[in-house]
Structures are given as structure tokens and as C-alpha cells.
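Q: Below are the sequence and a predicted model; questions follow.
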Amino acid sequence: MRLAASIKLGYYPTPGEITDYLNYLFNFMTEIINARRGIINKFLGDGFMAVFGAPISDGNDMRNAVNASLDIIGHLEAEVASGVIPPTRVGIGLHAGEAVTGTIGSDLKREYTVIGDVVNLASRLEQLNKRFSSTLLVSDAVYDTIRDNGLSPEDLGDVDIRGHTEPVHVYRL
């Protein structure tokens, strides 16, 4: 997930103000991820990677990820509408598949991480939100599992993804 804010404060925010703003967003987003049985694996500047189903799956990982994403978008829209935060948009990309998980690092620093094409493709989907002027994009692997959720996605068709030889079928939720 990446965040983009349209901040019109009439001045340049200080690093402390930017940090406070991001921490405010990450607080409620982390609560939503946790409530939907996910974990924040890694903060990446103005974004983060969340994981559902690792290290333990409840069998509803993709539904949990989609519902967490929709909850984040709804909460964010409410915060903006009430004037608590400036207009802010997020980009979320969801993909499902096999990954390597575990504690990786050196004797001096280790962290739990998730590695694999599934992570890379989710990141590429998140980046495609700019191209499609969207907020939430999912691969066919996610959509095929949640299609009975009553959602009405827009089928964007097969999309070329950097680093993949075959196009990926993408849906906008």
C-alpha cells in the first residue's frame, strides 16, 4: 500500500508534521489489518506491506485482505470527509500465492519477512493504481476466491506487469 496526500497547507510541512501524519494513518490502518487477521510485515517509507495467512492461516486470507482493504479505504474517506486529515488517497494491490516466510538476516539483525513472486506482483499491482486512477487492484488469483462476496469489480483485462513474461488479469474493486 502506498499513500498519496494532497496537502494544501499554505506552507511546507516540517519533517515532524509529515511523521505525525503518517503515524496517524498507520495507526488506524494497522488496527484494521490486525482486526482482519493480517500482520504488517514491513513499513516502507509512506507505505507498508501487510500479509494475510502467514505465519498462520484461518482459511479466509484473501477475503480478510479484501475486507481490510475496503475498511481502510472507507475509514480514510471518513477521516477526509470530516476534515480530520487532508485529502489523501491510497493505492492497494492484492495478489495471492505461495511465498517463503521466515526470520532472515544476520547475527546482528533479523526480521520476519515474506519473499517471493507473490510479494513482487502485489507491489506491481499497487503501482498500477496510478495508471488506472484506482485505489484497489486485485489479481485474478484473489478475485477468483472472493467473487461470491457480492462485489462488483471492473474487469481491466490482461495487463502487462514489469518482471512477468505473461500478462496478469486485473480487477478494480
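A: Cool, got the structure.

Q: Enumerate the positions of stretch 95-115 that are buried.
A: Within stretch 95-115, the residues scored as buried using 16 or more other C-beta atoms under 10 Å are 95-96, 99, 113-114. Yep, even glycine has a C-beta here, placed from its N, CA and C like the rest.

Q: Just put those residues in a markdown table and tack on secondary structure, pLDDT and distance to Thr19.
A: What follows is these, written out as a markdown table (DSSP: H, G, I helix; E, B strand; the rest coil; pLDDT from 0 to 100; distance: C-beta to C-beta, whole Å):
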| residue | secondary structure | pLDDT | distance to Thr19 |
| --- | --- | --- | --- |
| His95 | coil | 95 | 30 |
| Ala96 | coil | 93 | 32 |
| Ala99 | coil | 90 | 30 |
| Thr113 | strand | 90 | 24 |
| Val114 | strand | 91 | 26 |
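
Q: Those: which two are farthest apart?
A: Ala96 and Thr113 (17.6 Å; C-beta to C-beta).

Q: Okay, strands next: where are they in this structure?
A: Counting by DSSP state E, the chain has strands at residues 2-5, 38-44, 47-52, 88-94, 100-105, 110-115, 136-139, 154-159, 168-172.

Q: and of the ones you listed, who's closest to Glu126?
A: Nearest to Glu126, of all the strands of the chain, is strand 88-94, at 3.3 Å by C-beta to C-beta.

Q: Run through who's touching the closest one.
A: 1-6, 25, 62, 65-66, 69, 72-73, 76, 79-80, 121-130, 134-139, 142 (C-beta atoms under 8 Å, 6 or more residues apart in numbering).

Q: so what strands line up beside that strand?
A: Strand 88-94 pairs in its sheet with strand 2-5 (antiparallel), strand 136-139 (parallel), by DSSP bridges.

Q: comparing those, which gets the lowest mean pLDDT score?
A: Ranked by mean pLDDT, the strands paired with strand 88-94 end with strand 2-5 at the bottom, a mean of 47.

Q: just to revisit the earlier point, and which of the buried residues of stretch 95-115 is nearest Thr165?
A: Comparing these against Thr165 with C-beta to C-beta places His95 closest, at 16.0 Å.

Q: Give me the below-cutoff pLDDT ranges for this structure.
A: 1-11 (pLDDT under 70).

Q: Do I have it right that Ile73 meets Asn129?
A: No: applying C-beta atoms under 8 Å, one finds Ile73 not in contact with Asn129, separated by 11.5 Å.

Q: Find residues that contact each of these two.
A: Between them, Ile73 and Asn129 have 92, 135-136 as joint contacts when contacts are counted by C-beta under 8 Å, 6+ apart.
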